[in-house]
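>>> with the sequence up front, the predicted model follows.
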Amino acid sequence: MQPYQDPNLPVEAPEEKKKNTFAKEALSWALHIVVTVVVMLLIGAFVFQIVRVDGNSMQDTLQHNDWMFVTKYDYLFGQPEAGDVVVCKFPGERNEGKLFVKRIVGAPGDVIAFRDGRLYRNGEAVEEYYLTPSRNLGGYTMEPMELGDGEYFVCGDNRDNSHDSRTLITWDPEPILREMIVGHVRQVVFPFSHWETID
(Lines give C-alpha, C1' and ligand atoms only; values in the text may rest on other atoms or scores of the structure.)
Protein backbone atom coordinates (compact mmCIF):
# COMPACT_ATOMS: atom_id res chain seq x y z
CA MET A 1 0.00 0.00 0.00
CA GLN A 2 1.47 3.36 -1.06
CA PRO A 3 1.49 6.25 1.45
CA TYR A 4 -0.93 9.03 0.55
CA GLN A 5 0.75 11.96 -1.24
CA ASP A 6 -1.20 15.19 -1.46
CA PRO A 7 -0.94 16.18 -5.15
CA ASN A 8 -1.06 19.87 -4.20
CA LEU A 9 2.18 19.68 -2.12
CA PRO A 10 5.50 20.20 -3.90
CA VAL A 11 7.57 17.07 -4.23
CA GLU A 12 11.14 17.38 -2.83
CA ALA A 13 13.78 15.94 -5.14
CA PRO A 14 16.22 13.40 -3.61
CA GLU A 15 19.12 15.84 -4.18
CA GLU A 16 17.30 18.56 -2.23
CA LYS A 17 16.61 16.12 0.60
CA LYS A 18 20.33 15.29 0.82
CA LYS A 19 21.23 19.00 0.84
CA ASN A 20 18.72 19.74 3.58
CA THR A 21 19.92 16.80 5.67
CA PHE A 22 23.57 17.84 5.25
CA ALA A 23 22.75 21.47 6.17
CA LYS A 24 20.91 20.36 9.33
CA GLU A 25 23.78 18.10 10.38
CA ALA A 26 26.36 20.82 9.71
CA LEU A 27 24.33 23.32 11.76
CA SER A 28 23.98 20.78 14.59
CA TRP A 29 27.76 20.14 14.64
CA ALA A 30 28.48 23.89 14.57
CA LEU A 31 26.17 24.46 17.54
CA HIS A 32 27.79 21.60 19.47
CA ILE A 33 31.25 23.05 18.83
CA VAL A 34 30.20 26.58 19.85
CA VAL A 35 28.56 25.32 23.07
CA THR A 36 31.63 23.19 23.90
CA VAL A 37 34.01 26.12 23.37
CA VAL A 38 31.85 28.45 25.49
CA VAL A 39 31.64 25.88 28.32
CA MET A 40 35.42 25.33 28.24
CA LEU A 41 36.06 29.09 28.32
CA LEU A 42 33.71 29.46 31.30
CA ILE A 43 35.40 26.57 33.10
CA GLY A 44 38.84 28.11 32.45
CA ALA A 45 37.67 31.52 33.63
CA PHE A 46 35.73 30.54 36.76
CA VAL A 47 36.29 26.91 37.76
CA PHE A 48 39.80 25.52 37.20
CA GLN A 49 42.83 25.62 34.93
CA ILE A 50 45.88 23.45 34.30
CA VAL A 51 49.10 25.52 34.40
CA ARG A 52 52.73 24.53 33.79
CA VAL A 53 55.50 25.66 36.15
CA ASP A 54 58.16 27.65 34.28
CA GLY A 55 61.32 28.10 36.35
CA ASN A 56 62.78 27.05 39.70
CA SER A 57 61.51 29.74 42.06
CA MET A 58 59.15 27.36 43.92
CA GLN A 59 61.57 24.49 44.54
CA ASP A 60 61.33 22.17 46.32
CA THR A 61 57.54 22.46 46.53
CA LEU A 62 57.15 22.69 42.74
CA GLN A 63 59.60 21.73 40.02
CA HIS A 64 60.23 23.23 36.60
CA ASN A 65 57.76 21.73 34.07
CA ASP A 66 55.36 20.42 36.72
CA TRP A 67 51.73 20.72 35.61
CA MET A 68 49.44 22.11 38.33
CA PHE A 69 45.70 21.87 38.92
CA VAL A 70 44.63 25.44 39.80
CA THR A 71 41.16 26.17 41.20
CA LYS A 72 39.42 29.51 40.74
CA TYR A 73 35.97 29.00 42.25
CA ASP A 74 37.21 29.12 45.87
CA TYR A 75 38.38 32.72 45.39
CA LEU A 76 35.03 33.67 43.87
CA PHE A 77 33.44 33.10 47.29
CA GLY A 78 36.41 33.64 49.61
CA GLN A 79 39.73 35.46 49.82
CA PRO A 80 43.30 34.20 49.43
CA GLU A 81 45.10 33.55 52.70
CA ALA A 82 48.68 33.47 53.93
CA GLY A 83 50.18 30.08 53.07
CA ASP A 84 48.21 29.62 49.84
CA VAL A 85 50.25 28.80 46.74
CA VAL A 86 48.76 30.90 43.96
CA VAL A 87 49.10 31.67 40.27
CA CYS A 88 49.35 35.44 39.71
CA LYS A 89 49.60 37.91 36.89
CA PHE A 90 53.08 39.41 36.73
CA PRO A 91 52.90 43.18 37.32
CA GLY A 92 53.85 45.81 34.77
CA GLU A 93 52.69 46.51 31.22
CA ARG A 94 55.77 44.81 29.79
CA ASN A 95 54.69 41.54 31.42
CA GLU A 96 51.04 41.64 30.40
CA GLY A 97 49.61 38.14 30.15
CA LYS A 98 52.57 36.54 31.93
CA LEU A 99 51.77 34.31 34.92
CA PHE A 100 53.91 33.29 37.86
CA VAL A 101 53.42 30.96 40.81
CA LYS A 102 54.26 32.04 44.37
CA ARG A 103 53.22 31.52 47.97
CA ILE A 104 51.26 34.17 49.86
CA VAL A 105 53.16 35.12 53.02
CA GLY A 106 51.11 38.20 53.89
CA ALA A 107 47.45 39.21 53.42
CA PRO A 108 45.65 42.56 53.83
CA GLY A 109 46.24 44.05 57.31
CA ASP A 110 49.37 41.95 57.99
CA VAL A 111 52.70 43.56 58.86
CA ILE A 112 55.48 41.68 57.05
CA ALA A 113 59.20 41.85 57.82
CA PHE A 114 62.32 39.76 57.14
CA ARG A 115 65.37 39.48 59.38
CA ASP A 116 68.34 37.51 58.11
CA GLY A 117 66.08 35.50 55.82
CA ARG A 118 63.49 34.76 58.53
CA LEU A 119 59.88 35.80 57.85
CA TYR A 120 58.00 37.73 60.54
CA ARG A 121 54.25 38.30 60.28
CA ASN A 122 52.64 40.72 62.73
CA GLY A 123 55.78 40.64 64.84
CA GLU A 124 55.98 36.85 65.16
CA ALA A 125 58.42 34.53 63.42
CA VAL A 126 56.70 32.22 60.92
CA GLU A 127 57.65 28.55 60.79
CA GLU A 128 58.01 27.96 57.06
CA TYR A 129 58.11 24.16 56.86
CA TYR A 130 58.00 24.32 53.03
CA LEU A 131 61.42 25.99 52.73
CA THR A 132 64.58 23.99 52.02
CA PRO A 133 67.32 25.60 54.17
CA SER A 134 69.94 25.28 51.41
CA ARG A 135 67.72 27.43 49.16
CA ASN A 136 67.35 30.20 51.73
CA LEU A 137 70.90 31.28 52.51
CA GLY A 138 70.65 34.86 51.24
CA GLY A 139 69.86 36.36 54.62
CA TYR A 140 67.33 38.81 53.16
CA THR A 141 66.29 41.65 55.50
CA MET A 142 63.28 43.98 55.08
CA GLU A 143 61.83 46.60 57.38
CA PRO A 144 58.21 46.04 58.51
CA MET A 145 55.60 46.72 55.79
CA GLU A 146 51.88 46.93 56.51
CA LEU A 147 49.70 45.58 53.73
CA GLY A 148 46.68 47.66 52.74
CA ASP A 149 43.28 46.58 51.45
CA GLY A 150 43.62 44.15 48.55
CA GLU A 151 47.41 43.86 48.94
CA TYR A 152 49.27 40.54 49.21
CA PHE A 153 52.96 39.81 49.77
CA VAL A 154 54.11 36.77 47.78
CA CYS A 155 57.42 34.88 47.78
CA GLY A 156 58.88 31.84 46.08
CA ASP A 157 59.82 28.85 48.22
CA ASN A 158 63.28 28.96 46.63
CA ARG A 159 64.08 32.33 48.21
CA ASP A 160 67.62 32.52 46.83
CA ASN A 161 66.30 32.24 43.26
CA SER A 162 62.91 33.93 43.24
CA HIS A 163 61.70 37.19 41.71
CA ASP A 164 58.78 38.05 44.01
CA SER A 165 57.29 40.79 46.21
CA ARG A 166 60.72 41.48 47.67
CA THR A 167 62.08 42.65 44.29
CA LEU A 168 59.23 42.71 41.77
CA ILE A 169 59.62 45.82 39.62
CA THR A 170 61.73 48.49 41.31
CA TRP A 171 63.89 46.11 43.37
CA ASP A 172 62.11 47.52 46.40
CA PRO A 173 59.52 45.48 48.34
CA GLU A 174 56.18 45.66 46.56
CA PRO A 175 52.95 43.73 47.23
CA ILE A 176 50.68 42.48 44.48
CA LEU A 177 46.98 43.37 44.22
CA ARG A 178 44.03 41.03 44.76
CA GLU A 179 42.93 41.27 41.12
CA MET A 180 46.32 39.92 40.04
CA ILE A 181 45.68 36.57 41.77
CA VAL A 182 44.31 34.11 39.20
CA GLY A 183 43.79 30.94 41.22
CA HIS A 184 44.79 28.56 44.02
CA VAL A 185 47.31 25.78 43.27
CA ARG A 186 45.86 22.53 44.61
CA GLN A 187 47.66 19.60 43.03
CA VAL A 188 50.60 18.60 40.87
CA VAL A 189 49.04 16.36 38.23
CA PHE A 190 52.01 15.69 35.92
CA PRO A 191 54.55 14.15 35.76
CA PHE A 192 52.93 11.35 37.73
CA SER A 193 56.12 10.87 39.75
CA HIS A 194 55.55 14.38 41.23
CA TRP A 195 51.82 13.82 41.91
CA GLU A 196 50.99 15.48 45.23
CA THR A 197 48.58 17.81 46.98
CA ILE A 198 49.96 21.32 47.57
CA ASP A 199 49.36 22.95 50.94
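In hand now; what should we look at? Residues are numbered from 1 along each chain as shown.
>>> distance-wise, check G55 relative to G150.
26 Å (Cβ to Cβ, to the nearest Å). (Each C-beta comes from the backbone N, C-alpha and C, glycine too.)
>>> also A82?
Using Cβ to Cβ, A82 is found at 15 Å from G150.
>>> can you tell me how far M145 is from P173?
On the measure of Cβ to Cβ, M145 and P173 end up 6 Å apart.
>>> which residues do these two both contact?
Shared contacts of M145 and P173 (Cβ atoms under 8 Å, 6 or more residues apart in numbering): F153.
>>> which is the next helix or strand following the longest strand along the chain?
The longest strand of the chain (DSSP state E) is strand 181-190. Toward the C-terminus, strand 181-190 is succeeded by strand 196-197 as the next helix or strand (DSSP states H and E).
>>> contacts for that following strand next, please.
Strand 196-197 has contacts (Cβ under 8 Å, 6+ apart) with 186-188.
>>> ok, now which ones touch G138?
Contacts of G138 (Cβ under 8 Å, 6+ apart): 117, 159-160.
>>> and it, helix, strand or coil?
Recorded secondary structure, G138: coil (DSSP: H, G, I helix; E, B strand; the rest coil).
>>> could you measure from it over to V105?
Per Cβ to Cβ, G138 is found 15 Å from V105.
>>> then G97?
25 Å.
>>> who's more crowded, the two?
The neighbour comparison of G97 against V105 (other Cβ atoms under 10 Å) goes to V105, with 23 against 6.
>>> and that one, that's in a strand?
Yes. The assignment for V105 is a strand, going by three-state DSSP.
>>> any idea how far P191 is from it?
According to Cβ to Cβ, V105 and P191 sit 28 Å apart.
>>> with Q49 instead?
18 Å.
>>> between the two, which is the more surrounded one?
A direct count of neighbours by other Cβ under 10 Å for Q49 and P191 places Q49 higher, at 17 against 11.
>>> can you find the helix or strand in the chain with the smallest mean pLDDT?
helix 14-46 (a mean of 59; mean pLDDT, DSSP states H and E).
>>> quick one: secondary structure of S134?
helix.
>>> what score does it have for pLDDT?
At S134, the model reports a pLDDT of 92.
>>> next: H163.
Among the per-residue scores, H163 shows a pLDDT of 89.
>>> same check, this time on P91
Value listed for P91 in the pLDDT field: 76.
>>> ok, it - contacts?
By Cβ under 8 Å, 6+ apart, the contact set of P91 is 168-169, 174, 176, 180.
>>> check P173 too.
Counting by Cβ under 8 Å, 6+ apart, P173 touches 142, 145, 153, 165-167.
>>> just the contacts of G138: which are in helices?
Per DSSP state H, helices hold no members of those.
>>> out of the residues you listed, which is most surrounded?
Neighbour tally across the contacts of G138 (other Cβ under 10 Å): the maximum, 22 neighbours, falls on R159.
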